[in-house]
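In: Requesting a structural model of the entry that follows:
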Amino acid sequence: MALWLLAVTSAWSQFDHSHAAWTALLKKHVVLVDGGKASQVRYAGMSADRAPLKSYLESLSKVTEAEFKGWNKNQQLAFLINAYNANM
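Out: Residues are numbered from 1 along each chain as shown. Presented below is the predicted three-dimensional model:
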């Protein structure tokens, strides 16, 4: 029973490396312009979607240094870039 509980707790605490919450916000609030050569963020819409953005930022803040160091370089880079952009 204890091992099962540990496995379930571990699965719940693992970070979503697909960044699905952030991706959903971007799909909803970023539009392509200039024939797809550039993009623009609809900041008013992003601002109105505060709850999902706040939830995503909270998920980032729960990542420990040890957890971060255990990721591969691509996972670390994606985390840092997305954290930077989501906090803007």
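In: Show me the strands in the chain, by range?
Out: Taking DSSP state E as the criterion, the chain carries its strands at 30-33, 38-41.
In: Contact partners for the most centrally placed residue in the chain?
Out: With distances taken as Cα atoms, centre = their mean, the residue of the chain nearest its centroid is His19 (3.9 Å). Residues in contact with His19 (Cβ atoms under 8 Å, 6 or more residues apart in numbering) are 56, 78, 82. Quick note: C-beta positions are derived from backbone N, CA and C, even for glycine.
In: So what does it look like in phi/psi?
Out: phi 50, psi 40 (degrees, to the nearest 10).
In: export the strands of the chain to CSV and tack on mean pLDDT, distance to Ala86 and mean neighbour count?
Out: Formatted as CSV, those follow (pLDDT from 0 to 100; distance: least, Cβ to Cβ, whole Å; neighbours: other Cβ atoms under 10 Å):
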stretch, mean pLDDT, distance to Ala86, mean neighbour count
strand 30-33, 96, 12, 11
strand 38-41, 95, 11, 11
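In: Save those strands as JSON lines, and put in distance to Val63 too.
Out: Formatted as JSON lines, the strands of the chain follow (distance: least, Cβ to Cβ, whole Å):
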{"stretch": "strand 30-33", "distance to Val63": "24"}
{"stretch": "strand 38-41", "distance to Val63": "24"}
